[in-house]
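> Give me a 3D structure for the following:
(one chain, ligands or ions: 1)
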Amino acid sequence: MKLIRFGAPGRERPGLILPDGRRIETSSVAADYDEAFFGSGGLERLARWLAEDGAAAPVVPDDARLGPPIGRPSKIVCVGLNYRDHARESGMAIPDEPVLFFKATTAITGPNDDVIIPKNASKVDWEVELAVVIGRRAAYVERAKALEHVAGYVLHNDYSERAFQLERGGQWVKGKSCDTFAPLGPFIATRDEIRDVHELPLWLKVNGVTQQCSSTRELIFDVPTLVSYISQFMTLLPGDIISTGTPSGVGLGQSPPRYLVDGDEVELGIEGLGTARQRLRASR
Ligand code: ZN
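Purely as a prediction, here's the structure:
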């Protein structure tokens, strides 16, 4: 299934994209796609409802705004330097263990919403990423069982302000958490929709020019390894997001570095997870 949320910001309603491309509302079976939904067998309920009653469901208006396909999760755990070529362009060593950092959940926004350049920002950068949505509580999970805790996958642009991230002391979280810095979607693809999550082409363009073009085949630490590894340090709750890192081609890695300004347009996609498009806007 492909899960969407649609409507005005903060008032999104849940829906589905059907295999034929039609979009239907699922409010009659799901209050929202959030921790309570995933943690209570919501996906199984939704699949049953779709088979029995889906044909009678209301259609999502064509012009409806797409929101993030998940109601605010307890956390976004990000993985740094998880593609060899990106570690190299960042001038960092290939990590021996996954590098983890947090991104504030208030940064989450819709896949095609404007991205706001924060006050005092000068180095806003892009990062196309495969993000994992947790489906079942995970604590001390073995790698062999890790995928049983995954509900599905979603496209993420891990926007970063490099001066906040790298020049202001402390941890990366300052440069990762600004409002609108986590566009998610267009949809969550449930795990069964993706044949091999480690064979997905991913790409990103700025103003029509390709900047990132790689494959999840290049991940240093794969999805089961990440779920298992992170669960050794914290409990992952249903709905939580793990963003698995970005390949080479970010603005920081160019010489000279190239950062985003008001009016720039960023498009990105992952095979099987759709595409998204964001316009950069100055803060006012
Ligand atoms: Zn990232």
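> Just confirm Gly15 contacts Thr26, I think it does.
Yes - counting by Cβ atoms under 8 Å, Thr26 is a contact partner of Gly15 at 5.5 Å. To be clear about C-beta, it is placed using only N, CA and C from the backbone, and glycine gets the same treatment.
> Closest residue of the stretch 51-200 of the chain to the ion?
Asp158 (3.5 Å; Cβ to the ion).
> mind checking pLDDT for that residue?
Per-residue confidence (pLDDT) for Asp158: 98.
> which ones are touching it?
Cys78, Lys103, Glu127, Glu129, Lys176, Phe181, Ala182, Ser243, Thr246 (Cβ atoms under 8 Å, 6 or more residues apart in numbering).
> One more: Pro98?
Val79, Asn82, Phe221, Thr225, Leu226, Tyr229, Ile230.
> what's the helix or strand for the third one?
Which is Phe221. For Phe221, there is no enclosing helix or strand under DSSP states H and E.
> Could you do the fifth one as well?
Using DSSP H and E, Leu226 sits within helix 223-230.
> Which helix runs longest in this structure?
The helix of greatest length in the chain, counted in residues with DSSP state H as the criterion, is given as helix 42-53.
> Flag every buried residue along that one.
The neighbour-count criterion (16 or more other Cβ atoms under 10 Å) identifies Gly42, Leu43, Leu46, Ala47, Trp49, Leu50 as the buried residues of helix 42-53.
> Read off the pLDDT value for the first one.
At Gly42, the pLDDT value in this model is 98.
> how about the helix or strand of the chain with the lowest mean pLDDT, does it reach the ion?
Between all helices and strands in the chain, the lowest mean by mean pLDDT, DSSP states H and E belongs to helix 84-89, at a mean of 82. No - shown here: helix 84-89 not in contact with the ion (Cβ under 5 Å from the ion), separated by at least 8.7 Å.
> And stretch 170-186, by the same measure?
No - counting by Cβ under 5 Å from the ion, no contacts exist between stretch 170-186 and the ion, the nearest distance being 7.5 Å.
> Give me the distance between that stretch and the centre of its chain.
Stretch 170-186 has its C-alpha centroid displaced from the chain centroid by 11 Å (Cα atoms, centre = their mean, to the nearest Å).
> now what about the helix holding Leu226, what contacts it?
Outside of helix 223-230, the residues that reach it under the criterion Cβ under 8 Å, 6+ apart are 77, 79, 97-98, 100, 130, 132, 134, 138, 141-144, 146-147, 149-150, 197-198, 221, 236, 242, 244.
> and if we set it to 6 Å?
Val77, Pro98, Val132, Val141, Arg143, Ala146, Leu147, His149, Val197, Ile242 (Cβ atoms under 6 Å, 6 or more residues apart in numbering).
> Angles on the backbone of the fourth one, please.
Meaning Val141. Reported as degrees, to the nearest 10, the phi and psi values for Val141 are phi -90, psi 140.
> what residues does the stretch 1-150 of the chain put near the ion?
When proximity is defined as Cβ under 5 Å from the ion, the stretch 1-150 of the chain approaches the ion at Glu127.
> one more time with 8 Å, if that's ok
Proximity of the stretch 1-150 of the chain to the ion is assessed by Cβ under 8 Å from the ion, with Cys78, Val79, Gly80, Glu127, Glu129 identified as the residues in range.
> okay, those residues in JSON lines with pLDDT and neighbour count next?
Converted to JSON lines, those look like this (pLDDT from 0 to 100; neighbours: other Cβ atoms under 10 Å):
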{"residue": "Cys78", "pLDDT": "98", "neighbour count": "27"}
{"residue": "Val79", "pLDDT": "97", "neighbour count": "25"}
{"residue": "Gly80", "pLDDT": "93", "neighbour count": "20"}
{"residue": "Glu127", "pLDDT": "98", "neighbour count": "24"}
{"residue": "Glu129", "pLDDT": "98", "neighbour count": "28"}
